[in-house]
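K.L.:
quick one, structure for this:
(2 chains, ligands or ions: 2)
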Amino acid sequence: MAERREAFKMLFSANSAKVETNKGDAYYDRLFQQCRARLDELKASQPLQAIDFHEILSDEGYDRREFMKWASAATAMLMLPPMFTPLVAEAAELMTRVPVIWLELQDCAGNSEALLRSDGPKIDEILLDIISLEFHETLMAAAGHQADAQLEDAMHAFKGKYLLFVEGAIPMGMEGQYGTIGASGETFHEHLVRVAADAAAVVAVGSCATYGGIPAAAPNPTEAVGVMDVLKGKPIINIPACPANPANMVGVILHFVLTGQVPELDSLLRPKFAFGYRIHDNCERRAHFDAGEFVEEWGDEGAKNNFCLYKMGCKGPMTFNNCSIVRYNEGVNWPIGVGRGCIGCSEPDFWDKYAYERPMSDANIKAPTGGVEKTVDQFGLGVLTATAVGIGIHAAASAVAGKKSDEGEAQ
Amino acid sequence: MKPGYEKIKRMTPAMRIIHWVNVVSILAAVITGLYIAHPYYQSFIADPAVDKYVMAWNRWIHFIGAILLDVTSVAVAYLYFFSRFEKPYKKLVPNARNVTEFKEVLINLLTLNRRKNFDSSHSDSFNVVYFTIMHLMLILMLLTGLQMYVHGLASGESSIGAWWPWMLHMTTDWTLWVFGGNMGVRYVHHLMMWWIVAWVMFHVYYQIWRTIFWQEGDIAIAFGGSKFKKSSETE
Ligand code: SF4
Ligand code: SF4
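P.N.:
Ligands and ions are numbered 1, 2, ... in the order given. Prediction:
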């Protein structure tokens, strides 16, 4: 019965839809107790790195007050009530106790780059610096067999406990031979499956790891797919975007440290705290959209006045992400803030379906997946023309040879 | 009235109201929908500080049109089965009689009224199928449109309560799955508009054609509710 109800719910209600920000006191009380127990347990365990988090913070110029401010913002971002703030702060301090293994597959390393941002870092970024990154081929000094050995060590030492971050798509074409790792020639796919086997949870970061991203764009020569398409039987959390926002990576890790569980996900396995809302609804240019004030051309009067970018191809109305709220680069700005439209980087097939930088109804892109918009209008006008021609022929024929019912009677 | 003809009632006042509400709503929805997809005019840039809600008004009209179509669709669905006047569903059943009638009406149209082996005084099978297609298209429009609309209610709340987004999700989320995400839903919604416009074109033409060639005053049905039929054909 319960199963059938679940199936029914799956069919009729994509859980992407609802973001519940208030689940009632009883729920939060229970969660609070759980988190408390989890943190105590973590605290009792050995730290993986001898790091004094508070010392690093004050070296970077953050005092306790600023740290608590950050903690309360992070609590809000995770959609938890304020009473969780001290727990979130504590979880941040305990983040070094959760081991992370990071794999890079078919990608551009943009997410590693995002993770690394360290020029006058925000607290988020400091946290990402100090997580216990047990393996990250691009960042670590070891190479070749040494690197292989390090991965084996990490997998063995933290069996069942590590978070596996995956960046990049998985090429499935030619039996995976488009991408191999190490001297053994293991394919990306085999590598991923092997390393994921003992992970506590898998976090796919960036659009490539989540839905195949740019490698999977038409015509997808390597038959690239996302992690969720090839991994079964593991909790998977998707953090799409190009690159994934470091704030969301921290959010997911914090949530895991705090609760030992994955955050609430939508039907595309994206954490709701980050992907529950549409960009368009939190966009600073929304008033101009409603007013019908659009940038018509780069650099025109409208552009100078920060008008809405819809006609320049902004896909904010179709895109779910929190970049309009948390922004990028130390929260300084984000694409729409600097005057270019959103290209829907956190949505599936974004390269084919969103990133053509024209209004949706003005694009003439024909991907094998169906093609986009302008083709619709062209097709539509074709339908109308065909109808009009049909009507014309019928009308003309009727006028010339038509037989009115009355005439019929007269004869 | 011409001698030898008698007047027959074909549309009740309720049906006529529904018809014209649909006409106005569809017209409004098409005009504003084209604007929403690609704003083809905009407020004057030189005039920044006045009240202007061009897109907001277009969306408002679009939504009101949609709501009216919602209401008439429910009424039409009801009348299909329970009308005390004529129950259209009876003509939809694909039995031998309806299939023959469907074919005959089509042949009548294609032979330019040279052959007319059916009773043209009442709604025929062809007509009912034709109208059913229209209503199915409208329902698809409503479901895809409401799916796009509910995106903006992510909190699960709305000004009229939480039941509204909940209901919209229940009834329209399957479109995401069937049409492949938001973009697919949007695509279908836009495409279907062209088919509806084509349908309207044919509909108007066919009614005029019938009026001219059948000489039974069909065009008057939507206005006065009745047409004529030859008394000789009456039993
Ligand atoms: S710039 Fe984009 S997201 Fe912002 S209001 Fe305009 S269409 Fe919406
Ligand atoms: S504005 Fe759009 S394209 Fe840019 S980061 Fe946000 S979701 Fe991605």
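K.L.:
so where's the chain uncertain?
P.N.:
No chain in the question, so chain A it is. Across chain A, the ranges flagged by pLDDT under 70 are A:1-18, A:117-121, A:366-373, A:406-411.
K.L.:
my question was about chain B
P.N.:
B:1-2, B:43-50, B:232-235.
K.L.:
contacts only, for B:Cys117.
P.N.:
Cys isn't right for residue B:117; it's Asn. B:104, B:108 (C-beta atoms under 8 Å, 6 or more residues apart in numbering or on different chains). Where you see a C-beta, it was placed from the backbone N, CA and C, and this is true even at glycine.
K.L.:
in three-state terms, label A:Ile237 for me.
P.N.:
Here A:Ile237 is recorded as strand under DSSP: H, G, I helix; E, B strand; the rest coil.
K.L.:
how far out from the middle of the chain is the longest helix seen in chain A?
P.N.:
Longest helix of chain A, by residue count under DSSP state H: helix A:374-401. Chain-centre distance of helix A:374-401: 45 Å, with C-alpha atoms, centre = their mean, to the nearest Å.
K.L.:
that helix and chain B, any residue contact?
P.N.:
Yes: against chain B, helix A:374-401 shows contacts by C-beta under 8 Å from any C-beta of the partner chain at A:376-377, A:379-381, A:383-384, A:386-388, A:390-391, A:394-395, A:397-398, A:401.
K.L.:
for stretch A:318-326, same thing?
P.N.:
Yes: shown here: stretch A:318-326 in contact with chain B (C-beta under 8 Å from any C-beta) through A:Met318.
K.L.:
list the buried residues for that stretch?
P.N.:
A:318-324, A:326 (16 or more other C-beta atoms under 10 Å in any protein chain shown).
K.L.:
surely B:Arg114 and A:Lys404 touch.
P.N.:
No: if you go by C-beta atoms under 8 Å, B:Arg114 and A:Lys404 don't touch, sitting 10.9 Å apart.
K.L.:
the more surrounded of the two?
P.N.:
A:Lys404 (15 against 12; other C-beta atoms under 10 Å in any protein chain shown).
K.L.:
which residue, other than its chain neighbours, is closest to the more buried one?
P.N.:
B:Phe213 (5.3 Å; C-beta to C-beta, 6 or more residues apart in numbering or on different chains).
K.L.:
name all residues that make contact with the one you found.
P.N.:
Contacts for B:Phe213 (C-beta under 8 Å, 6+ apart) come out as A:398, A:402-405, B:112-113.
K.L.:
swap in 6 Å and give it another go.
P.N.:
Taking C-beta atoms under 6 Å, 6 or more residues apart in numbering or on different chains, we find B:Phe213 in contact with A:402, A:404, B:113.
K.L.:
coming back round to it: quick one: which of the buried residues of stretch A:318-326 is nearest chain B?
P.N.:
A:Met318 (4.7 Å; C-beta to the nearest C-beta).
K.L.:
and that closest one, what is it in contact with?
P.N.:
By C-beta under 6 Å, 6+ apart, the neighbours of A:Met318 are B:Asn182.
K.L.:
where's it relative to A:Lys403, distance?
P.N.:
In this view, A:Met318 and A:Lys403 are 53 Å apart by C-beta to C-beta, to the nearest Å.
K.L.:
and for B:Val74?
P.N.:
Here B:Val74 is placed at a distance of 41 Å from A:Lys403 (C-beta to C-beta).
K.L.:
higher neighbour count, the two?
P.N.:
Remark: of B:Val74 and A:Lys403, A:Lys403 carries more neighbours, 16 against 10, as counted by other C-beta under 10 Å.
K.L.:
so the more buried one is in contact with B:Arg114, correct?
P.N.:
Yes: A:Lys403 lies in contact with B:Arg114 (C-beta atoms under 6 Å); the separation is 5.3 Å.
K.L.:
count the neighbours of B:Ile107 for me.
P.N.:
15.
K.L.:
this completes my enquiry, with thanks.
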